[in-house]
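Engineer: any chance you could fold what I've pasted below:
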Amino acid sequence: MSPTTLPAAGPEHGHVTFLGAGPGDPGLLTLRAVEALAHADVLVAEHEVLDVVRTHARHGVAEVHTDPDPSGGPVPGTGTPQLAVVDSASTTAGVPAVRDAAHLVMEAARGGRRVVRAVTGDPGLDTYAAEEMLACAAAGVPFEVVPGIASAVGVPAYAGVPLRDAEGADVRFVDARTASDRCWTEVGVSDGTVVVSTTLDSVAAAAGELVSAGRKPDTPMTVTVAGTTTRQRTWSATLGTIAQTLKQAKVLPSPDGGRPVIAVVGERSAPAQRDQLSWFESKPLFGWKVLVPRTKEQAASLSDQLRSYGAVPHEVPTIAVEPPRTPQQMERAVKGLVTGRYEWIAFTSVNAVKAVREKFEEYGLDARAFAGIKVAAVGEQTAKALVAFGVKPDLVPSGEQSAAGLLEDWPPYDPVFDPIDRVFLPRADIATETLVAGLIELGWEVDDVTAYRTVRASPPPASTREAIKGGGFDAVLFTSSSTVRNLVGIAGKPHNVTVIACIGPATAKTAEEHGLRVDVMAPEPSVLKLAEALADFGLRRRAAALEAGDPVTRPSERRPGSRRRRSTTTS
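Structural biologist: Numbering: from 1, shown residues only. Have a look, this model is predicted:
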């Protein structure tokens with residue numbers, strides 16, 4: 001068996017993988033964890049952990065998560081948390097069945113099923129994982145352990161607080177929720193770094209324990225909540241001032257007993273050093289909630305890039321793609337591809353590639369049908385969609401990624417070198433005539449075929465509409481004039497504190513016609529350049545706040561009634 005091969009599940013007892021999901025960022029899952037999730041029949045985890053791992057699970061996997069419990073504690077009389085089955089096959093009359101976690105894990109594994117028991121951080125540091133492993137061993141249920149990044153290590157790294165330096169200072173880890181007086185005494189007399197796992201409501205008490213145990217009140221301390229996620233927030237203070245710092249930040253007691261936090265105590269957490277090393281929270285769009293009004297297929301690459309800048313993309317489809325009302329024209333054109341009717345086929349969008357590919361599959365064709373035909377593509381994403389289909393474009397605009405840019409590079413028809421003078425152009429029903437007119441001027445005959453229709457999408461949920469109109473979004477990216485018209489039509493105008501970013505002059509003009517002020521415009525019509533321009537805007541905004549000595553806030557955190565300055569920024 002190779003190191004990456006999953007062990008076979010027994011026919012009776014199945015198999016359990018105790019998996020560390022890390023501190024919260026899904027990108028910190030290990031390759032081994034992703035592999036185990038892809039083969040799981042059942043996922044067992046606290047609800048917040050499921051949010052981290054479920055995207056890597058196969059379709060149809062059964063999920064088991066914590067039954068909502070304000071105390072957040074274990075079931076009385078047991079050593080493990082209370083878990084509720086939410087797999088429809090395991091419920092009665094819609095009411096989840098509640099089980100002790102260890103027994104539930106073993107029950108889920110019976111019948112040869114593969115179970116992934118996911119925990120926050122690393123299984124070796126989880127309070128209950130060891131008990132569940134012992135229960136599996138006693139019942140003869142085979143299991144394995146996939147380590148994860150421990151929260152006590154991963155969160156300080158994301159907060160810009162290194163735990164050791166060249167001098168090799170001692171590092172101690174303390175769980176304040178279970179620490180004994182002896183434990184506090186031992187870390188109190190140490191000069192090393194102390195990493196404390198606690199809750200936001202108990203930070204001040206933990207600081208008091210360290211001072212009582214011998215640490216100086218002026219010892220630097222950082223406190224990080226929601227570490228490694230875009231909700232992360234870090235406060236720098238000292239053991240003696242942390243209570244006042246949190247009070248000034250209006251961090252109120254939580255009704256659920258407090259959110260988990262990681263506190264680092266020692267010289268390594270000094271504010272001057274953290275300001276230089278805080279790479280995560282200083283991302284240009286950190287924590288920004290950005291509205292991406294595109295079709296889901298189109299939004300994927302844009303959302304990925306926004307996440308790389310620290311943003312939280314929220315995809316709202318404004319356009320739905322539907323087949324043409326009369327498919328005969330498309331059918332004749334695809335048959336013409338096979339019979340040699342065309343010299344060129346030009347794709348101007350990912351949706352056009354998808355429409356042709358679906359028609360190919362309907363006829364039992366594949367990429368080999370493009371043999372002998374020259375293929376043109378507008379835009380990086382369109383080219384990628386063709387490559388995924390097995391087709392490498394012969395022509396992609398060298399400059400502007402648009403119909404005009406394609407015409408700049410398109411060769412004129414030459415009867416000596418071009419045996420056929422016809423171009424197949426599969427497009428949307430609302431496409432402009434720019435490309436058709438340009439190709440005809442170059443001497444080509446064009447079959448301009450409606451490959452798909454674009455219609456206005458259904459309105460988003462009421463909560464999303466309220467956030468759009470009420471200033472709940474920090475920015476909105478408009479990638480075409482139709483996204484402006486459709487978003488305003490289905491959800492209303494974005495609030496005046498929301499940063500408006502447009503892909504080009506035509507889109508910006510449409511936004512202004514709808515009463516919106518454009519803050520950012522891409523230097524060229526590319527969704528990736530648009531995201532980059534928004535990141536540059538965020539970076540300048542952050543730098544201006546720091547230079548003025550003001551706190552760094554998101555646009556949605558402006559005071560009610562504040563108005564956006566009336567000027568357009570071109571990035």
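
Engineer: please count neighbours and contacts with C-alpha atoms only from this point.
Structural biologist: Noted.

Engineer: strands of the stretch 251-400 of the chain, residue ranges please.
Structural biologist: Listed in chain order, the strands of the stretch 251-400 of the chain (DSSP state E, counting those that start in this stretch) span residues 260-265, 289-292, 312-315, 319-322, 344-347, 374-377.

Engineer: list of residues touching the third one?
Structural biologist: For strand 312-315, the external contacting residues (Cα atoms under 8 Å, 6 or more residues apart in numbering) are 230, 287-294, 296, 299, 303, 306-307.

Engineer: hmm, 7 Å instead?
Structural biologist: Strand 312-315 is contacted from outside by 287-294, 296, 299, 303, 306-307, using Cα atoms under 7 Å, 6 or more residues apart in numbering.

Engineer: ok, back up a step: okay, the strands of the stretch 251-400 of the chain, which one's buried deepest?
Structural biologist: Among these, the stretch with the highest mean neighbour count (mean count of other Cα atoms under 10 Å) is strand 260-265, at a mean of 26.

Engineer: what mean pLDDT would you report for it?
Structural biologist: Averaged across strand 260-265, the pLDDT comes to 94.

Engineer: so what strands line up beside that strand?
Structural biologist: Paired neighbours of strand 260-265 in the sheet (DSSP bridges): strand 193-199 (antiparallel), strand 220-225 (antiparallel).

Engineer: nearest to Ala388, of those?
Structural biologist: strand 220-225 (40.8 Å; Cα to Cα).

Engineer: mind listing the helices for the stretch 251-400 of the chain?
Structural biologist: Secondary structure of the stretch 251-400 of the chain (DSSP state H, counting those that start in this stretch): helices at 271-277, 296-308, 328-339, 350-363, 380-389.

Engineer: can you lay out the ones you listed as a markdown table showing distance to Gly471 and mean neighbour count?
Structural biologist: Shown next, in a markdown table, are the helices of the stretch 251-400 of the chain (distance: least, Cα to Cα, whole Å; neighbours: other Cα atoms under 10 Å):
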| stretch | distance to Gly471 | mean neighbour count |
| --- | --- | --- |
| helix 271-277 | 30 | 15 |
| helix 296-308 | 19 | 17 |
| helix 328-339 | 44 | 16 |
| helix 350-363 | 32 | 17 |
| helix 380-389 | 31 | 18 |
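
Engineer: ok but Val53 is inside a strand, no?
Structural biologist: No - per DSSP: H, G, I helix; E, B strand; the rest coil, Val53 lies outside any strand segment and is helix.

Engineer: which one of the contacts of strand 312-315 is nearest to Arg32?
Structural biologist: Comparing these against Arg32 with Cα to Cα places Arg307 closest, at 23.3 Å.

Engineer: quick one: the one helix or strand Val155 maps to to chain centroid distance?
Structural biologist: For Val155, the enclosing helix or strand under DSSP states H and E is helix 151-159. Distance, stretch centre to chain centre, for helix 151-159: 19 Å (Cα atoms, centre = their mean, to the nearest Å).

Engineer: and if you look at stretch 153-170?
Structural biologist: With Cα atoms, centre = their mean, you get 26 Å for stretch 153-170.

Engineer: on that earlier part again, quick one: the helix holding Val155 to strand 220-225, angle?
Structural biologist: Interaxial angle, helix 151-159 versus strand 220-225 (axes from the mean of the first three to the mean of the last three Cα atoms, to 10 degrees): 100 degrees.

Engineer: where are the low-confidence patches of the stretch 451-571 of the chain?
Structural biologist: 559-571 (pLDDT under 70).

Engineer: quick one: closest of the helices of the stretch 251-400 of the chain to Leu487.
Structural biologist: helix 296-308 (14.4 Å).

Engineer: got a list of contacts for stretch 198-212?
Structural biologist: Contacts of stretch 198-212 (Cα under 7 Å, 6+ apart): 175-177, 184, 188, 217, 239, 242-243, 253-254, 257-262.

Engineer: go with 6 Å
Structural biologist: If you take Cα atoms under 6 Å, 6 or more residues apart in numbering as the criterion, stretch 198-212 is touched by 176, 188, 239, 243, 253, 258-261.

Engineer: stretch 429-440 too?
Structural biologist: Taking Cα under 6 Å, 6+ apart as the rule, stretch 429-440 contacts 403, 450, 453.

Engineer: pull the CA atoms of stretch 118-126 into CSV?
Structural biologist: Presented in CSV, the C-alpha positions along stretch 118-126 are these (Å, rounded to 0.1, in the frame of the first residue of the first chain):
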residue,chain,number,x,y,z
ALA,A,118,-13.1,16.1,12.1
VAL,A,119,-12.0,18.3,15.0
THR,A,120,-10.6,21.8,15.2
GLY,A,121,-6.9,22.1,15.2
ASP,A,122,-5.1,18.7,15.7
PRO,A,123,-6.7,15.5,17.0
GLY,A,124,-3.8,15.0,19.5
LEU,A,125,-4.7,18.2,21.2
ASP,A,126,-8.5,17.8,21.1
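
Engineer: could you export the longest helix along the chain as PDB, CA atoms only?
Structural biologist: Counting residues, the longest helix found in the chain (DSSP state H) is helix 527-547. Output in PDB follows, covering the C-alpha atoms of helix 527-547 (Å, rounded to 0.1, in the frame of the first residue of the first chain):
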ATOM      1  CA  VAL A 527     -12.100  40.600 -14.400                       C
ATOM      2  CA  LEU A 528      -8.700  39.900 -12.800                       C
ATOM      3  CA  LYS A 529      -7.400  43.400 -13.500                       C
ATOM      4  CA  LEU A 530     -10.700  44.700 -11.900                       C
ATOM      5  CA  ALA A 531     -10.000  42.700  -8.700                       C
ATOM      6  CA  GLU A 532      -6.400  44.000  -8.800                       C
ATOM      7  CA  ALA A 533      -7.600  47.600  -9.100                       C
ATOM      8  CA  LEU A 534     -10.000  47.200  -6.200                       C
ATOM      9  CA  ALA A 535      -7.100  45.700  -4.100                       C
ATOM     10  CA  ASP A 536      -4.900  48.800  -5.000                       C
ATOM     11  CA  PHE A 537      -7.800  51.000  -3.900                       C
ATOM     12  CA  GLY A 538      -8.000  49.200  -0.600                       C
ATOM     13  CA  LEU A 539      -4.300  49.400  -0.100                       C
ATOM     14  CA  ARG A 540      -4.200  53.100  -0.600                       C
ATOM     15  CA  ARG A 541      -7.200  53.500   1.700                       C
ATOM     16  CA  ARG A 542      -5.400  51.500   4.400                       C
ATOM     17  CA  ALA A 543      -2.200  53.500   4.000                       C
ATOM     18  CA  ALA A 544      -4.100  56.800   4.300                       C
ATOM     19  CA  ALA A 545      -5.800  55.700   7.500                       C
ATOM     20  CA  LEU A 546      -2.500  54.600   9.100                       C
ATOM     21  CA  GLU A 547      -0.700  57.800   8.000                       C
END
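
Engineer: ok, now which ones touch the nearest residue to Ile262 once chain neighbours are set aside?
Structural biologist: Nearest non-adjacent residue to Ile262, counting by Cα to Cα, 6 or more residues apart in numbering: Ser197, 4.9 Å away. Neighbouring residues of Ser197 by Cα under 6 Å, 6+ apart: 175-176, 262.

Engineer: again, but for Pro147
Structural biologist: 20, 122.

Engineer: cutoff 10 Å now
Structural biologist: By Cα atoms under 10 Å, 6 or more residues apart in numbering, Pro147 lies in contact with 18-22, 29-30, 32-33, 121-125.

Engineer: pLDDT score for Pro293?
Structural biologist: Confidence at Pro293, expressed as pLDDT, is 87.

Engineer: contacting residues around it?
Structural biologist: Contacts for Pro293 (Cα under 10 Å, 6+ apart) come out as 299, 314-319, 476-480, 482-484, 486-487.

Engineer: need the phi and psi values for the closest residue to it other than its chain neighbours.
Structural biologist: Ranked by Cα to Cα, 6+ apart and with sequence neighbours excluded, the top spatial neighbour of Pro293 is Val316, at 4.8 Å. With angles defined as degrees, to the nearest 10, Val316 sits at phi -130, psi 100.

Engineer: what residues does Val316 make contact with?
Structural biologist: Counting by Cα under 10 Å, 6+ apart, Val316 touches 291-296, 299, 457-461, 464, 487, 491.
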